[in-house]
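In: What shape does this take:
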Amino acid sequence: MNFWRSLVGKLWVTIICLVAVVLMTLGLFLLPYIDSNFANSGAIKRLFMYTCMIGFSLTTFFALFLFTKITQPMQQVIEAANNIRKGEYGTRLTLVTSDEIGQLATSFNHMAAELEENIRSLNHEKGHLSSVLRSMSDAVVTFDIEGHIILTNPHGQSLLETWRNLEWEQEADPEPGEEIISKGEVPLPLRPLFLSTLQEGGDQRSNVHVRQGVWSVHMAPLYSENHIRGAVAVLRDVTEEVKLEKMRRDFVANVSHEIRTPLSMMQGYSEALLDGMASSPEESSELIQVIHDESLRMGRLVKDLLDLARMEAGHTDMLKAQVDMSELLERVYRKFSVRAKERGIDLQYRKLSEELLLKAADEDKLEQVLTNLLDNAFRHTPAGKKILIVAGQSVQESRRYVEIEIRDEGVGIPPDDLPYIFERFYKADKARVRGESGGTGLGLAIVKNIVESHHGHISAASKLSEGTTFTLRLPVEKQ
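Out: As a prediction, this is how the structure comes out:
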């Protein structure tokens with residue numbers, strides 16, 4: 001530090017100036033008096049000069065003493081304060097004095113220790129909060145009052161980046177206040193909830209639909225001195241939950257419909273028999289046959305439901321052994337050949353590989369899969385058309401598979417319905433009536449579960465008015 005800019009330097013200059021003024025004043029009044037009243041005036045003047053020199057020397061010595069006792073400790077205090085300002089919270093003063101500067105050093109050290117402990121606690125809490133945010137599976141995004149992003153976790157950052165790449169349809173007339181936050185970074189689906197949070201000052205919950213996804217959003221305001229300074233939003237992807245809930249409702253409705261229809265027919269025909277509406281034994285026999293057929297259909301529905309429930313719960317008993325798919329396909333082909341002749345359908349079987357062996361598979365379950373797929377093909381293929389069974393081998397990702405295709409020339413499946421055909425009770429043709437086999441709507445769902453239990457894969461491709469192809473891949477080696 002520059003001595004002349006220090007407190008001691010300024011004090012020394014002030015004292016020197018004061019002493020000089022006093023001596024000059026005394027000299028102006030005393031020197032003429034000495035010359036006129038004292039004979040030995042030269043000696044007195046020298047004494048006066050010596051006294052001035054000694055006074056100036058003592059003043060300088062006093063200034064140096066103050067410099068070592070005040071200025072240097074103050075410089076240490078200033079240097080320590082600057083180190084604290086720079087983030088070096090471990091800085092401490094080593095001044096050991098009993099005066100006010102010593103007390104200042106002691107207070108400074110206590111303050112630095114408390115500040116270091118507080119900063120350490122804040123860093124610990126910040127690290128803990130950061131770990132919690134990183135480990136959360138939900139997306140967390142914090143906005144300020146203007147809609148700018150303050151803080152996000154990795155899931156929130158990924159979600160925001162995904163939403164930024166989407167093209168949003170802007171509303172023609174924005175709500176009041178929305179034009180203010182439109183300059184911020186709040187995604188368009190969250191803006192109504194963000195405005196409600198800022199205006200009402202309470203927690204807000206809502207489901208937000210973005211493209212094919214559904215997000216559950218919980219937004220809460222952030223307060224600073226009783227004033228809202230922003231909002232924090234927690235977003236959870238509930239697409240699967242919403243989809244499962246819809247499937248549950250559809251399942252209940254479909255089961256109720258599938259059971260109600262045969263029950264109504266059985267009730268109606270049985271009442272007709274009880275009321276004696278059958279005028280001949282042949283009519284009675286027809287009514288009884290209808291009741292019997294509907295009871296069998298209900299039995300098949302209940303059996304399929306139980307089988308599907310056991311498969312989805314993983315309780316299906318699989319008797320896996322080596323299976324020759326060539327023999328199985330020949331047997332299924334012969335079984336459906338009679339039906340093909342009756343329906344006027346050209347059924348063909350084409351074998352592309354000589355050896356079609358599966359090391360571990362349940363033959364009965366695979367026969368059920370092929371039977372269901374061919375039964376669907378026959379029900380939707382008109383007379384004069386063709387159904388083709390193609391079997392061979394394929395290699396994918398260094399694994400060998402037996403690949404079976406069942407192609408029909410039926411009415412086909414609409415593209416919008418194709419992703420859902422393996423769901424329970426789903427019907428691509430909503431107006432389609434049941435064929436002669438009286439399907440339960442669970443066949444393809446059961447097929448998919450059986451194939452997946454064999455670590456295989458099934459897919460479907462279709463064109464309207466041209467036909468449908470089901471492709472079945474089963475691993476050759478034991479999984």
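
In: Grab the nearest non-local neighbour of Lys463.
Out: Gly412 (5.3 Å; C-beta to C-beta, 6 or more residues apart in numbering). Placement of C-beta: from N, CA and C, glycine included.

In: just checking, the one you found is part of a helix?
Out: No. Using DSSP: H, G, I helix; E, B strand; the rest coil, the secondary structure at Gly412 is coil, not a helix.

In: From what I see, it and Thr469 are in contact.
Out: No. With contact defined as C-beta atoms under 8 Å, Gly412 does not count as touching Thr469 (10.2 Å).

In: joint contacts of the two?
Out: Common neighbours of Gly412 and Thr469, using C-beta atoms under 8 Å, 6 or more residues apart in numbering, are Ser462.

In: For the closest residue in space to Tyr401 that isn't next to it in sequence, which residues count as its bridge partners?
Out: Among residues not flanking Tyr401 along the chain, Arg473 sits closest, at 4.5 Å (C-beta to C-beta, 6+ apart). Counting by DSSP bridges, Arg473 forms beta bridges with Glu403, His457.

In: Counting neighbours, what do you get for Arg473?
Out: 19 (other C-beta atoms under 10 Å).

In: Pull up the gap between it and Val19, please.
Out: Distance, Arg473 to Val19, using C-beta to C-beta, to the nearest Å: 108 Å.

In: Helices of the stretch 1-150 of the chain, residue ranges please.
Out: Along the stretch 1-150 of the chain, the segments classed as helices by DSSP state H, counting those that start in this stretch run 7-37, 41-66, 72-85, 100-135.

In: do you know which of the ones you listed lies nearest Lys320?
Out: Smallest distance to Lys320 across the helices of the stretch 1-150 of the chain (C-beta to C-beta): 40.6 Å, for helix 100-135.

In: buried residues in the closest one?
Out: Neighbour-count burial for helix 100-135 flags 101, 104-105, 108-109, 112, 116, 133 (criterion: 16 or more other C-beta atoms under 10 Å).

In: mind listing the strands for the chain?
Out: Here the chain has its strands, by DSSP state E, at 139-144, 149-152, 204-210, 213-224, 227-237, 321-324, 346-351, 357-361, 386-396, 399-408, 457-463, 467-475.

In: what residues does the second one touch?
Out: Residues outside strand 149-152 that contact it (C-beta under 8 Å, 6+ apart) are 133, 139-144, 160, 185, 230.

In: What confidence value was assigned to Ser224?
Out: At Ser224, the pLDDT value in this model is 82.

In: ugh, wrong one, Arg434
Out: Reported pLDDT at Arg434 in the predicted model: 43.

In: One more: Lys69?
Out: At Lys69, pLDDT is 66.

In: and what of Leu122?
Out: pLDDT recorded at Leu122 is 87.

In: Next, work out how far apart it and Thr152 are.
Out: 20 Å.

In: got it, and Ile345?
Out: 60 Å.

In: Compare the two (neighbour count), which wins?
Out: Remark: of Ile345 and Thr152, Ile345 carries more neighbours, 21 against 18, as counted by other C-beta under 10 Å.

In: For that one, give me phi and psi.
Out: Dihedral angles of Ile345 (phi, psi; degrees, to the nearest 10) stand at phi -110, psi 140.

In: could you check the distance from it over to Val242?
Out: In terms of C-beta to C-beta, Ile345 sits 42 Å off from Val242.

In: before we move on, what about Glu330?
Out: 46 Å.

In: one step back: can the buried residues of helix 100-135 go into JSON lines with extra columns for distance to Ala460?
Out: JSON lines is the format used below for the buried residues of helix 100-135 (distance: C-beta to C-beta, whole Å):
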{"residue": "Ile101", "distance to Ala460": "89"}
{"residue": "Leu104", "distance to Ala460": "84"}
{"residue": "Ala105", "distance to Ala460": "83"}
{"residue": "Phe108", "distance to Ala460": "79"}
{"residue": "Asn109", "distance to Ala460": "78"}
{"residue": "Ala112", "distance to Ala460": "73"}
{"residue": "Glu116", "distance to Ala460": "67"}
{"residue": "Leu133", "distance to Ala460": "43"}
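
In: Could you identify the most distant pair in these?
Out: Greatest spacing in the buried residues of helix 100-135, by C-beta to C-beta: Ile101 and Leu133 (46.5 Å).

In: Kind regards, and thank you for your time.
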